[in-house]
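> what shape does this take:
(one chain, ligands or ions: 1)
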Amino acid sequence: MLKKVLAGIGAGALLFGLSACGGGDDDAEGGADGSLVIGFAQVGAESAWRTANSASVQAAAEAAGHELKFVDAQQDQEKQISAVRDFINQQVDVIVLAPVVETGWTEVLQEAEDAGIPVVLADRGVEAADEDLYVTRLGSDFAEEGRKAGTWAAETFADDADGTRILELQGTTGSAPANDRKAGFFEVLDAEGLDYEIVDSQSGNFTAEEGKAVMETFITTHGLDGIDLLYAHNDEMGLGAIQAIEESGKVPGTDIQIIIVDGSKAGFQAGVDGKLNYIVECNPVFGDQLMDVVEQVANGDSLEKFTAVEESAFDASQFEAELPNRQF
Ligand code: GZL
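Residues are numbered from 1 along each chain as shown. Alright, predicted model coming up:
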C-alpha cells in the first residue's frame, strides 16, 4: 500500500520512505497507520474445517484493521497460483497461501520473492525444496495428528490376535495433511509392533461426497466382515463413510471402529451418537495468531520456520463434554 503512495512522490522519497520503514527487499511497508493489504489464497470451501478457517482469518484481519483480498481456489492449484500472481500485480504487502498440495510452487513463490513480497503459509505446507521461498508456516503438525491416531489404534487393537484389518480414507492426493497423517499413523503402528493389514487406502479428497463414494467401493470390493478399523483423514470423509456403512446394514462405531481428524460439531455429534470412536483435533481457528505472524513478517521480524497451532484428541468418554466447546 505504502509503495503506491510513495511512488507518486518520486524515487528519492520512495527510497527514503523504504529506508525510513526499514523496508528491505522482503519487508512490507503497509499503510502509514500500520494497516496492511494482505492477499490470501485459500484452498477452497470443501469442509467445515475450511469454512471455519476462512471465517477466522477474515474476522481477524478486519479486527486488526487490515485489508484482506480473499480468493477461494476451489481446491484447484492453478487457481491458487493465478491468485498469487494477481496479488503480486496488485503489490499487496504480504501474501498468505494455504497450498492445496505440496509441490508445484517454486516458480510463483520465486515471482513473489522477486517482487519483494513476503509469503506466509497458513495451514498446509510445501515441499522442503521451496523452504527458502516463504517466511514461515502457521498450522498443524499433521504427522503428530497421525501419531495420535496411531497411538489410539495400537492401544485399542493390541490384543487383536488375528491381526487388525484397516481401511484408510486419505485426504487430497499430494496434500501435506494427507501425506503426513498417513505417515504418522503407520509410523506408530509399526513402532508399536501392531499386526495389521491395510486392506485398502484411497483418497476421498477431504469431501463427504467423495468419502462416501470411496467407502461404498470399499464395501463392494471387500465387504465389511472382518474389517476392524476405518481411518479417515478428516470429518467429512468419515461422516460420508458412516452413511455408506449404515446403508450397507452395518453399525458404524460398533461393527467397525472409526477414527476421524478435525473435530467439527458434526464429528463430535456422531461420536456422541456412538457412530465413531476417536477424534483427533485439527484446529482451524487461528486467524488472530495468523495476523500476529503477518504483522511480524511485515515488520521484518525473524520468525521460526514453523509454528504449530495447539491441538488435542478425544475418545468416546470425552465426546459429550467436549461437543459444546466445538467452534465449527
Ligand atoms: C488440515 C486441513 C484439512 C482439514 C480438512 O489443516 O488442511 O483440509 O483436515 C480440510 O477438513 O479440507
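
> what does the stretch 51-200 of the chain have sitting close to the ligand?
123, 124, 139, 140, 177 (Cβ under 6 Å from any ligand atom). Glycine gets a C-beta too; all of them are placed from N, C-alpha and C.

> check contacts around residue 260.
232, 234, 235, 237, 238, 239, 267, 270, 276, 278, 279, 280 (Cβ atoms under 8 Å, 6 or more residues apart in numbering).

> can you tell me the closest non-neighbouring residue to it?
Leaving aside its sequence neighbours, residue 260 sits nearest to residue 238 (Cβ to Cβ, 6 or more residues apart in numbering; 3.6 Å).

> report pLDDT for the one you found.
If you check residue 238, the pLDDT there is 98.

> thought it was touching residue 232?
Yes - look at residue 238 against residue 232 with Cβ atoms under 8 Å: they come within range, at 3.5 Å.

> what residues does the nearest residue to residue 163 once chain neighbours are set aside make contact with?
Closest residue to residue 163 apart from its sequence neighbours, by Cβ to Cβ, 6+ apart: residue 195 at 4.4 Å. By Cβ under 8 Å, 6+ apart, residue 195 lies in contact with 160, 163, 164.

> which one of these is nearest residue 306?
Nearest to residue 306 out of the contacts of residue 195 is residue 164 (Cβ to Cβ; 32.3 Å).

> what's the pLDDT at that closest one?
98.

> and if you look at the one 3 residues further on?
You'll see residue 167 listed with a pLDDT of 98.

> what touches both of residue 238 and residue 232?
What both residue 238 and residue 232 touch, as defined by Cβ under 8 Å, 6+ apart, is the set 169, 211, 258, 259, 260.

> farthest pair in the residues you listed?
Pairwise distances across those (Cβ to Cβ) peak at 13.3 Å, for the pair 211 and 259.

> comparing these two, which residue is more hemmed in?
Comparing residue 211 with residue 259 by neighbour count (other Cβ atoms under 10 Å), the higher total belongs to residue 211, at 32 against 26.

> buried residues in the helix or strand hosting the more buried one?
Using DSSP states H and E, residue 211 falls within helix 208-222. Neighbour-count burial for helix 208-222 flags 208, 210, 211, 212, 213, 214, 215, 216, 218, 219 (criterion: 16 or more other Cβ atoms under 10 Å).

> repeat that for stretch 117-129.
Buried residues in stretch 117-129 (16+ other Cβ under 10 Å): 117, 118, 119, 120, 121, 122, 123, 124, 125, 126, 127.

> in the sheet, who's paired with the fifth one?
Taking DSSP bridges as the rule, residue 121 bridges to residue 97, residue 137.

> same list, the buried residues of helix 208-222, but as TSV with pLDDT and distance to residue 90 please.
Shown next, in TSV, are these (pLDDT from 0 to 100; distance: Cβ to Cβ, whole Å):
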residue	pLDDT	distance to residue 90
208	98	35
210	98	34
211	98	37
212	98	40
213	98	39
214	98	39
215	98	43
216	98	44
218	98	46
219	98	49
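
> what is in contact with residue 211 and residue 259 at once?
Counting by Cβ under 8 Å, 6+ apart, the residues touching both residue 211 and residue 259 are 232, 238.
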